[in-house]
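Visitor: this one's structure only:
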């Protein structure tokens, strides 16, 4: 039995939803269908979720809401007409939306969340109605009724253990279950949303709860690529990748799947398949616990910019038990998370995402490091990129680091940082932002070109 | 004005002490002479310090001490006779030793320390007497009289700030000052010793205190080598090296100078020269704040074995602010210091010296990491070596990491860990212990051979 999740572009229009229906019909094991809100139909289009946010903001500012409400309703109406459904479902959606707009605004965040979540919720109702209209035994299930219990974290809710037990019962429902993504309810009934892209998370929780054989994630690409296709021309497609590899590649260019979403299926060992709604016969990319096939030591290369380096040096630093821990504590107290901490005997660099810093924070950190840790030198450097080479087969591949470092050196770029740990599946390099793309291309050529071309 | 320190082998016999006198006479700016206890005269010989420890232990166990006492006295007598000194100085030494043996034993550690420190103290008296006998204006100065104040750390005392002001006054003494290394006194008069090899520390403190132009450290090698001469045949000699480079090289094979000893001169910017008592005309190795000369990007390569790796993985680790800090805190609570912490997105390796671990400690750490940090996997691996390539010129040398990694790959060995941080002067590799020597030789050939041979 499979849980199949369809992303925003897969459910953006009547044409797309007909493809979804064909996919569901084609395989009776596709019992649980998790849907997003209607996404973009074309590049300059607006997602329904964004229309809903505009609607919520207008309501909060006591502005005229009718125009904004109809923009949302028009999207559903267009879909319903294209699917040859009568007005019933659109009346249900309009009533639902008006009731959400008239809700209590005393906690603004909950008010907005509730309107945002209607995007998925009403799309699920519409899609279920369509399935029924074409003779597919189907029912819409609401996360509240189903018991998708979450904790109280705003816009980053996490499923409670009880949710899995509750959702397991859905197995016994007859026909196809259409389930809205993106939100759940706290034990006292408050609607809470997952992180952006959270329909992936709903699908993953549901797959783990019903102990699915496969979690299918339908999107608009045939597969995950070995490198960012915006930088590398026609990169190779990944057939099979492990959870760990997928996580390590979660830097830019690999945003095809929400990484927090992997957690529930990873813990249950349920494989994931990323497939294309527009080309369902393509095999897609499979995410598994263990790969049989290790043709290449490297599975993918990802890169991201916007990193800063905090450099601290102190004579005899390595004799001081607790120095590194205290340094990390200072960063923690400033709510800064870090990526890596390469060190010498007497110095340590901390690589952080630059967006977490501002001049005031930097000054405060530097002053604390000088005064509390009695460092000899402390400074920040900015505009770095991290390039990560990922592969389960890397660890036993003699000479791989040499090949990577040589490929980078041949571009003329300098390596500012190297990080590779024991048993790791990744090797990361810190480089100047300006060299990022040429290095990504050079590494792709080193590890993939021969195989693709030859 | 110079502070010149002579190590154990440089003051082990009458012949050696005559060389010291010639060196002191040859340069009138050598005003402060810091001396160790008599060291080994030949490979299988015993150092006076070790004879003194045996004597102290016998005294504690209420065993016969005369034989052990005479073993010590005989060493001084042999030296005094070789230097044609009369019995006076040896009588002074005997009286001093007997008084130390009869001291209060209520705190055993202080009793042993006091006897151990007599090695340097009495050798300073003897050498000063010899200098005087050959017409050199000279005086022995006791660290207590001079005000070398230290804190109360057993066997790892550190000089107090006041010590520097007190010692500055020694500048005004006439003639050559002979000063015993290895110990100082707490403000309430307790004798405390420095770490082993602590005469280097005394010399460095004295050099900083009297604002010397140069701190000469006389030992039994012509210079510091680029790599361990026990592994690499006739490695190149280092002419000039920075404090930072010297520190980073303080792994095995570079134990020629106690690294804590560099601190006071490093802080005062006083250059250090490591010279050979047996070949004083050789230029030696100079340790400076900044090097003018950067002919080679790499200054030295050091290696050491006996490392273990603690590996921890947890899905979404990098989303958890504080994970790394909490892990280091667990190690800190077990009094374990670490070398490096290479990390991926979801895993972290902590490299530690294996001697800090035992099976019980490992089990305790693993259980805490699993229970408190909810890690998915945690385990220890043992028998690793760290190889460190050091050079101030490395950071701007494109392709250096590639050369190093290629040289290692060509030996057929696998790289378990790589660590290089921003602005660092070092690049470290973790490898299997069994590959250490062949890798050290390969790296030496890569970075030094061409220059030496060609």
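Guide: Perfect, thanks for sending it. Predicted model only: the values in this text are computed from it and were never measured.
Visitor: Look up how far residue A:195 lies from residue A:6.
Guide: From residue A:6 across to residue A:195, the span is 19 Å (CB to CB, to the nearest Å). Every residue, glycine included, has its C-beta placed from N, CA and C.
Visitor: Who has more neighbours out of these two?
Guide: Between residue A:6 and residue A:195, counted using other CB atoms under 10 Å in any protein chain shown, residue A:6 has the larger neighbour count: 31 against 17.
Visitor: Could you find the closest non-adjacent residue to the more buried one?
Guide: Leaving out its chain neighbours, the residue that sits closest to residue A:6 by CB to CB, 6 or more residues apart in numbering or on different chains is residue A:218, at 4.7 Å.
Visitor: helix/strand/coil for that neighbour?
Guide: State at residue A:218, reduced to three classes by DSSP: H, G, I helix; E, B strand; the rest coil: strand.
Visitor: what do you get for residue A:298?
Guide: Look at residue A:298: counting by three-state DSSP, its state is coil.
Visitor: Tell me how many other residues surround it.
Guide: With neighbours defined by other CB under 10 Å, the count for residue A:298 comes to 24.
Visitor: right, and it touches residue A:401 too?
Guide: No - judged on CB atoms under 8 Å, residue A:298 makes no contact with residue A:401 at a distance of 11.5 Å.
Visitor: the strands in the stretch 251-400 of chain A, which residues?
Guide: Secondary structure of the stretch 251-400 of chain A (DSSP state E, counting those that start in this stretch): strands located at A:272-276, A:285-288, A:300-313, A:338-340, A:347-353, A:377-390.
Visitor: Distance of residue A:184 relative to chain B?
Guide: Using CB to the nearest CB, to the nearest Å, residue A:184 is found at 19 Å from chain B.
Visitor: what helices or strands is the helix or strand that residue falls within leaning on?
Guide: Following DSSP states H and E, one finds residue A:184 within strand A:183-185. Counting contacts by 3 or more CB pairs under 8 Å, 6 or more residues apart in numbering or on different chains; DSSP states H and E, strand A:183-185 is packed against helix A:108-133, helix A:143-146, strand A:191-193.
Visitor: quick one: common contacting residues for residue A:298 and residue A:401?
Guide: Here residue A:298 and residue A:401 have no joint contacts, going by CB atoms under 8 Å, 6 or more residues apart in numbering or on different chains.
Visitor: Now do the residue nearest to residue A:229 when sequence neighbours are not counted, the pLDDT please.
Guide: Leaving aside its chain neighbours, residue A:229 sits nearest to residue A:235 (5.5 Å; criterion: CB to CB, 6+ apart). The per-residue pLDDT reported for residue A:235 equals 92.
Visitor: my read: residue A:235 touches residue A:223, true?
Guide: No - here residue A:235 does not reach residue A:223: they are 10.2 Å apart, not a contact under CB under 8 Å.
Visitor: who does the residue of the stretch 1-150 of chain A found nearest chain B bridge with?
Guide: When scored by CB to the nearest CB, the stretch 1-150 of chain A has residue A:150 as its residue closest to chain B, at 16.6 Å. Note on residue A:150: beta-bridge partners by DSSP bridges are residue A:159.
Visitor: right, and it touches residue A:163 too?
Guide: Yes - using CB under 8 Å, residue A:150 is in contact with residue A:163, at 6.9 Å.
Visitor: wait, what's in contact with residue A:216?
Guide: Contact analysis of residue A:216 by CB under 8 Å, 6+ apart lists A:2, A:3, A:4, A:5, A:30, A:272, A:273, A:275.
Visitor: From residue A:123, how far off is it?
Guide: In this view, residue A:216 and residue A:123 are 18 Å apart by CB to CB.
Visitor: Point out where the stretch 301-450 of chain A drops to low pLDDT.
Guide: In the prediction, the stretch 301-450 of chain A carries residues with pLDDT under 70 at positions A:423-424, A:450.
Visitor: mind listing the helices for it?
Guide: Ranges of helices in the stretch 301-450 of chain A, per DSSP state H, counting those that start in this stretch, are A:323-333, A:359-372, A:400-410, A:436-444, A:450-453.
Visitor: Export those as a markdown table, with columns for mean neighbour count and distance to residue A:135.
Guide: Listed next are these as a markdown table, based on neighbours: other CB atoms under 10 Å in any protein chain shown; distance: least, CB to CB, whole Å:
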| stretch | mean neighbour count | distance to residue A:135 |
| --- | --- | --- |
| helix A:323-333 | 21 | 57 |
| helix A:359-372 | 14 | 60 |
| helix A:400-410 | 22 | 55 |
| helix A:436-444 | 21 | 48 |
| helix A:450-453 | 10 | 45 |
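Visitor: can you list those helices in TSV and add distance to residue A:15?
Guide: Putting these into TSV (distance: least, CB to CB, whole Å) gives the following:
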stretch	distance to residue A:15
helix A:323-333	50
helix A:359-372	49
helix A:400-410	44
helix A:436-444	35
helix A:450-453	33
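Visitor: For the ones you listed, give me CSV that also has distance to chain B.
Guide: Shown next, in CSV, are those (distance: least, CB to the nearest CB, whole Å):
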stretch, distance to chain B
helix A:323-333, 4
helix A:359-372, 15
helix A:400-410, 3
helix A:436-444, 12
helix A:450-453, 18
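Visitor: Minimum distance to residue A:290: which of those helices has it?
Guide: Closest to residue A:290 of the helices of the stretch 301-450 of chain A, according to CB to CB: helix A:400-410, at 20.2 Å.
Visitor: name the helices or strands packed onto the closest one?
Guide: strand A:417-420, strand A:426-432, helix A:436-444, helix B:400-410.
Visitor: Check which residues of stretch A:222-233 are buried.
Guide: For stretch A:222-233, the neighbour count (16 or more other CB atoms under 10 Å in any protein chain shown) marks A:222, A:223, A:224, A:225, A:226, A:227, A:228, A:231, A:232 as buried.
Visitor: isn't the last one right next to residue A:442, touching?
Guide: Right, the one you point to is residue A:232. No - counting by CB under 8 Å, residue A:442 is not a contact partner of residue A:232; they are 10.2 Å apart.
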